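Student: Return a 3D structure for these sequence lines:
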Amino acid sequence: MAGRIARTQTALRVADFLATREGKTHLSQYGWVPGMPIVMTRATESADDAMGMVSIHGRAALVAMLDPLTSELRILHITTPQPALKKVRVSPAGRTMGDLFEQLASMLIVELRVRFWNHTAVAHIIPSCPGMKNANDSWGAAFPRTQRPLETTAQAAALP
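Tutor: Modelled structure (predicted):
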């Protein structure tokens, strides 16, 4: 799939978020468990491609992306396709992950099916928390209690 290098910033933000007790606690309240797969995506990626990556894992997964306008970390939880659910219409061709996240922002939970799924899955948005907010520099903005490493010896000498 094209664009894997562009996902690096998303992966770093997810790793930073999961490195905190607050991040783990927040995600666990919405279905995350340690070891759960997390698929990195972009707003412009097709939903079919991203859900194909989810399918590879064969179990519930999280899907993460950075909001292209705010740089906020956005995460959704998606189940495996379930034969017990009523089969819904296949998502329209050309639907992007940005479209799906926008739909979830207003509905919070949706049933969906992509073209290669025989059954319906359920996706729900994980509400934002301070650690997911825009962080041009995640050291200070997202995790304010974490101290930035000293960048120069001059700065170190200036400390009391």
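
Student: What about the most centrally placed residue in the chain? Give its phi and psi, please.
Tutor: Most central in the chain under Cα atoms, centre = their mean is Ala64, positioned 1.5 Å from the mean C-alpha point. Per-residue torsions, Ala64: phi -120, psi 140 (degrees, to the nearest 10).

Student: And for Lys86?
Tutor: Here is the backbone geometry of Lys86 (degrees, to the nearest 10): phi -60, psi 130.

Student: Ala64 versus the nearest residue to it once chain neighbours are set aside, what's the distance?
Tutor: Excluding its sequence neighbours, the residue lying closest to Lys86 (Cβ to Cβ, 6 or more residues apart in numbering) is Thr120, at 6.6 Å. Where you see a C-beta, it was placed from the backbone N, CA and C, and this is true even at glycine. Between Thr120 and Ala64 the distance, using Cβ to Cβ, to the nearest Å, works out to 22 Å.

Student: do Val110 as well
Tutor: Taking Cβ to Cβ, one finds Val110 at 17 Å from Ala64.

Student: I figured the residue nearest to Lys86 hits Val90, correct?
Tutor: No: between Thr120 and Val90 there is no contact under Cβ atoms under 8 Å: 10.0 Å.

Student: still on that earlier bit, compute the number of surrounding residues for the residue nearest to Lys86.
Tutor: 19 (other Cβ atoms under 10 Å).

Student: tell me the contacts of it?
Tutor: Pro81, Gln82, Leu85, Lys86, Lys87, Val88, Glu111, Leu112, Arg113 (Cβ atoms under 8 Å, 6 or more residues apart in numbering).

Student: go again using 6 Å as the cut-off
Tutor: By Cβ atoms under 6 Å, 6 or more residues apart in numbering, the contact set of Thr120 is Leu85, Lys87, Val88, Glu111, Arg113.

Student: can you check Glu102 too?
Tutor: Applying Cβ under 6 Å, 6+ apart to Glu102 gives no contacts.

Student: Kindly report the same for Cys129.
Tutor: Contacts here follow Cβ under 6 Å, 6+ apart; on that basis Cys129 touches His26.

Student: swap the cut-off to 10 Å and go again
Tutor: By Cβ atoms under 10 Å, 6 or more residues apart in numbering, the contact list for Cys129 reads Phe17, Glu22, Gly23, Thr25, His26, Leu27, Gln29, Leu73, Ala142.
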